[in-house]
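>>> after the sequence you'll find the predicted model.
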Amino acid sequence: MAQKMTLNVNGHRQTISVDDPDMPLLYALRDDLGLNNPRFGCGLGQCGACTVHVDGVPTRSCSLPVSAVGNSKITTLHGLGNRQKPHPLQAAWIEEQVNQCGYCINGWMMEGAALLKRNPKPTEAQVREAFSDLICRCGTHNAAVRAVLRAAKQA
Amino acid sequence: MGTLDLSRRTFLSSTGAFIVGLASPDVWAQAAKPSPLSPNNPKLSADQLDAYLSIDKNGKVDVFYGAIDGGQGLETSIAQMVAEELDVPLSSVRMIMGDTRQTLNMGGASGAQGVSRRGTSLMKAAALARQILVEEAAKKLRVAPADLVVQAGVISLRNNPAKRITYAQIIGGKSFQTNVRWNGQWGNPHDIATDAPLKNYKDYKIIGQSPKRPDLAKKVFGEQDFPGDVRLPGMLHARMVRPAVAGAVPVSVDEQSIRHIAGAKIVHIKDFLAVVAPKEWDAVRALRALKVTWSQSEPNFPTHKEVHAHIRKAKVTQRTIERENGKLEEGLAKATRVISGEYEYPTHSHASMGPGCAVADVRADGATIYTSTQKPHYAADGIADLLNIPRDSVHVIWMFGTGSYGRNDQGDATADAAVLSKALGKPVRVQWMREESLGWDPKGTASVNFCQAGIDEKGDVIAYELISRGFSRENLATNEGRASGTLAGQLLGAKLEPKNTFNIPFASYTFAHNRVGWETVGPLMDRASPLRSTHLRDPYGPPILFGSECFMDEIAAAVNMDPVDFRLRYLTHPRDKEAVRIAAEKAGWQKRVSPRRDLDTSSDIVEGRGIAYRRHFDTFIALVAEVRVHRKTGVVEPTHLICAHDVGLIINPETLRHVIERQLVYGTGRTTVEELTWDRNMVTSLDWNSYPVLHMPHVPPRITVHLIERPEAAPSGAAEMALGLVPAGMGNAVFDATGVRLRKIPFTPDYVKAALAV
């Protein structure tokens, strides 16, 4: 019953064995590939904690069947940048000390990075709009807006 | 700060028997002496300096912090406090947090006391270590200690810096073997005393700076592991199986129903039911496929809409008057006018971003537990109780995780994992689902505030009463230190240990006849209740302050006073008054009697401002909320929150600002949108639509935090105190804008529209 699937994650192609084609991508990333981002927050596509980029588009991996991914390029927060070569938003995020617990961070940073790609100089209202469907229980909303505006300014 | 601050200790002592030992440090020595050996690891002794810090051969300092950082920056702030007293660079300090083998039980996250209690304890340990090292250096260098100076872990002769010796050379890798005076308490009241003097605040170099948090970069680069990221060889994934009707228990389970899922198994012990599988998604599939016959249960709950009526008429199980002066009835009788007001606060879920998740590996020789519960030592105690194994055989490894903000579902998930791992003989990772986290986490109680005031013919307030009534805040203990305090324990038949507690915030309003107290009513379901009530972030704050601080404005309006002037007249503590005065000043407060009378009454959009004040421990806060009310839609928009905040000594100003800003956002959510709903049978707000939380469009876009500098005062707490002011601040602002008094939380458009229509 199991079928092989090859996923392109953070620039690496990896093959996994899938029993249920309806399994959400989130479980493939976490359980099969051992990636600790993204995270399970609701499994309903309501919070954003599981967000990855699928061909550059922020996508809630808890609600996307793994069989629908195909050859798309998946990027996780870990693939956005690293300490040696941080994404401008990662640098700004640290500068603004945005998070508290950080459980929600995937949604905010992946949405923020996608916004900056399509609109490198967003207004504050545009940033707020881009973040309108995300949850953070620590209340870091305004700090996240500041981080995007900082990254845009420094770009 | 160098000596015992008796006033503060007396104030904090309401939590325990510690009060009897307050007269002087010597009393501690005379009191009956409990064993100083940690029940979680008898190799650690609370009366030994080595239990608090160590210095290795490279001069690196390990600080053993027997609590946790819930994501609010305590790792850095506590390290700053220790580095300051020890005179070492901050970069050489490593915080060991919440590990039950390496740290003592200092209480976990509780009451925002990380800095005020545990941090100051560790500062005393650091000062003693520094003193010992300087004395050792003096012997080795054959000089007087007074001739030595310390900088960055290097001790040198004041007038000859070449003559020097490092901390590492003296103690590196060795133990201090030095006694400290432990107060005989574990948990929150844990404290130590030493004879080593503490620095004067004027000499601080590291305290008062704003170094960045190391955990944040890890989170930003996706490097920070949480308990859910722990993968052990042979580990099974588990999902708990919960009933659709509260109180129902599994009667029979159809094993065939999950037979098609590879490796899936059922664990059914008494009323405890779970499914496990080697692959995580298979555990989810098994949860969905499993057929269970549940017992008949008819909880017949009063619904969330009826709960306040229930609280009003239910039998009071305990009544406690916290503060009383004069004779209230006489005051009311003398008054020419008596006004009264009632305020309702809803039930809230912790609604953590991440549902409960933990990994347990229980073996014959002991248990290893990975969890982000905010009270790891109690988790170890509770698991020992639950599994009937020795306390020191349980090793709880605390990890950063989802913000818990009270006793959320982490402790319950941790207990679930331990039960399952013991039953299966394998490591088990339990992940609660979203509906489970909202449905079955311990809850913050609904309550009703009853307020009245008597005003004499001169317009003076001569009598005041505040009684807050609700479900006990400890129907479920505030930690999972006993089997009975966990859902797993309750499902496995542990004897229940409910307590009636409630509490009321302190305030320095002074009236001739005054009575402030609380009443509890019995729980809606005794055992394994989805509505079991316990501590939710700022337990005594928003539910009570919504009533008490809105009612202060009602009295102010009744006596034709500006709300700020009213507070300045009746508050008596100078730090209270200063916070109120500064918040008003920073907000550009225009004096007037609310509601404002200068508005175009035909306008759909009206604006107003309100103030609220509180004291919590030695933190003094005032908040001005500016709101815009849309009369047609009932939408209340907070446009600007201005907070004046006096926490005493500030350890890390940037972190402090962040903590205040973020909790005001969180507090806005608990004011405007959050409410747990349930029907006769079960919680019905089981996702982020039905349990709405604050989203960006409703976040106050401007938040101004003014930190009041008071470095001479002992540091108090900051992690939850300001949020409690949001409900009253906004409620008072709506009254100012519209003349309508909102009497229940949340301020949903439907409710506000209905209130405005009356």
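Received, thanks.
>>> now the closest residue to B:Ile206 other than its chain neighbours, what are its backbone angles?
With C-beta to C-beta, 6 or more residues apart in numbering or on different chains as the measure, B:Glu84 is the residue that lies nearest to B:Ile206, at 4.4 Å, once sequence neighbours are left out. Bear in mind the C-beta positions are built from the backbone N, C-alpha and C, glycine included. Its backbone dihedrals place B:Glu84 at phi -60, psi -50, with angles given as degrees, to the nearest 10.
>>> residues contacting B:Glu84?
With C-beta atoms under 8 Å, 6 or more residues apart in numbering or on different chains as the criterion, the residues that contact B:Glu84 are B:123, B:126, B:199, B:204-207.
>>> got a quick PyMOL command for the buried subset of the residues you listed?
Of these, the buried ones can be selected in PyMOL as follows, counting by 16 or more other C-beta atoms under 10 Å in any protein chain shown:
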select buried, chain B and resi 123+126+199+204+206+207
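>>> for the contacts of B:Glu84, which one is nearest B:Lys313?
Top of the list for closeness to B:Lys313, among those and by C-beta to C-beta, is B:Met123 at 50.7 Å.
>>> which strand or helix spans the closest one?
Counting by DSSP states H and E, the element that carries B:Met123 is helix B:120-141.
>>> what is that helix packed up against?
Taking 3 or more C-beta pairs under 8 Å, 6 or more residues apart in numbering or on different chains; DSSP states H and E as the contact definition, the neighbouring helices and strands of helix B:120-141 are strand B:53-55, helix B:74-86, strand B:148-151, strand B:154-157, strand B:160-166, helix B:167-171, strand B:192-193.
>>> is whichever strand or helix holds B:Pro638 positioned near chain A?
In this assignment (DSSP H and E), B:Pro638 forms part of strand B:635-646. No: when contact is scored as C-beta under 8 Å from any C-beta of the partner chain, no part of strand B:635-646 falls within range of chain A; the minimum is 10.6 Å.
>>> would you mind pulling up the elements that that strand packs against?
In terms of contacts (3+ C-beta pairs under 8 Å, 6+ apart), strand B:635-646 is packed against helix B:574-586, strand B:619-630, helix B:653-672, strand B:702-707, helix B:726-738, helix B:749-757.
>>> in the shortest one, which residues are buried?
Using 16+ other C-beta under 10 Å as the test for burial, strand B:702-707 gives B:703, B:705-707.
>>> make a markdown table out of the residues you listed and add distance to B:Thr178 and pLDDT.
Written out in a markdown table, the entries for the buried residues of strand B:702-707 read as follows (distance: C-beta to C-beta, whole Å; pLDDT from 0 to 100):
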| residue | distance to B:Thr178 | pLDDT |
| --- | --- | --- |
| B:Ile703 | 46 | 98 |
| B:Val705 | 41 | 98 |
| B:His706 | 42 | 98 |
| B:Leu707 | 37 | 98 |
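>>> nearest to B:Ile660, of those residues?
Of all these, the one with the least separation from B:Ile660 (C-beta to C-beta) is B:Val705, at 4.8 Å.
>>> tell me the bridge partners for that closest one.
On DSSP bridges, the residues paired with B:Val705 through beta bridges are B:Cys643.
>>> how about B:Ile266?
On the basis of DSSP bridges, B:Ile266 is bridged to B:Val275.
>>> tell me what angle the helix holding B:Met123 forms with strand B:160-166.
Computed with axes from the mean of the first three to the mean of the last three C-alpha atoms, to 10 degrees, the direction of helix B:120-141 lies at 120 degrees from that of strand B:160-166.
>>> next, the buried residues of helix B:120-141.
Neighbour-count burial for helix B:120-141 flags B:120-134, B:136-138, B:141 (criterion: 16+ other C-beta under 10 Å).
>>> give the contact list for the closest residue to chain A within the stretch 551-700 of chain B.
Each residue of the stretch 551-700 of chain B has a distance to chain A, by C-beta to the nearest C-beta, and the smallest belongs to B:Val665, at 3.1 Å. Taking C-beta under 8 Å, 6+ apart as the contact definition, B:Val665 lies against A:139-142, B:694, B:699-700, B:703.
>>> tell me which of the residues you listed fall in helices.
Where the contacts of B:Val665 overlap with helices, as defined by DSSP state H, the overlap consists of A:141-142.
>>> ok, the contacts of B:Val665 vs B:Leu676, which is closest?
Using C-beta to C-beta, the shortest approach to B:Leu676 within the contacts of B:Val665 belongs to B:Leu694, at 15.4 Å.
>>> what is the end-to-end distance of stretch A:41-57?
19 Å (C-alpha to C-alpha, to the nearest Å).
>>> where are the low-confidence patches of chain A?
A:1 (pLDDT under 70).
>>> chain A contacts on the stretch 151-300 of chain B?
The stretch 151-300 of chain B comes close to chain A at residues B:212-213, B:215-217, B:219-226, B:228-229, B:231, B:237, B:262, B:279-282, B:284-285, as judged by C-beta under 8 Å from any C-beta.
>>> and the residue of the stretch 551-700 of chain B closest to chain A, how far is that from A:Leu29?
Distance from B:Val665 to A:Leu29, counting by C-beta to C-beta, to the nearest Å: 30 Å.
>>> number of residues surrounding B:Ala579?
Close neighbours of B:Ala579, defined as other C-beta atoms under 10 Å in any protein chain shown, add up to 27.
>>> hey, C-alpha coordinates of the helix holding B:Met123 in PDB?
Output for helix B:120-141, consisting of C-alpha atoms alone and laid out as PDB, is shown next (Å, rounded to 0.1, in the frame of the first residue of the first chain):
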ATOM      1  CA  THR B 120      17.100  37.800  44.100                       C
ATOM      2  CA  SER B 121      17.800  34.500  45.800                       C
ATOM      3  CA  LEU B 122      20.400  33.700  43.200                       C
ATOM      4  CA  MET B 123      21.900  37.200  43.500                       C
ATOM      5  CA  LYS B 124      22.500  36.400  47.200                       C
ATOM      6  CA  ALA B 125      24.200  33.200  46.200                       C
ATOM      7  CA  ALA B 126      26.300  35.100  43.700                       C
ATOM      8  CA  ALA B 127      27.400  37.700  46.200                       C
ATOM      9  CA  LEU B 128      28.400  35.000  48.600                       C
ATOM     10  CA  ALA B 129      30.400  33.200  45.900                       C
ATOM     11  CA  ARG B 130      32.200  36.500  45.100                       C
ATOM     12  CA  GLN B 131      33.000  37.100  48.700                       C
ATOM     13  CA  ILE B 132      34.400  33.600  49.200                       C
ATOM     14  CA  LEU B 133      36.500  34.000  46.000                       C
ATOM     15  CA  VAL B 134      37.900  37.400  47.100                       C
ATOM     16  CA  GLU B 135      38.800  36.000  50.500                       C
ATOM     17  CA  GLU B 136      40.600  33.100  48.900                       C
ATOM     18  CA  ALA B 137      42.400  35.400  46.600                       C
ATOM     19  CA  ALA B 138      43.500  37.600  49.500                       C
ATOM     20  CA  LYS B 139      45.000  34.500  51.200                       C
ATOM     21  CA  LYS B 140      46.700  33.400  48.000                       C
ATOM     22  CA  LEU B 141      48.000  36.900  47.200                       C
END
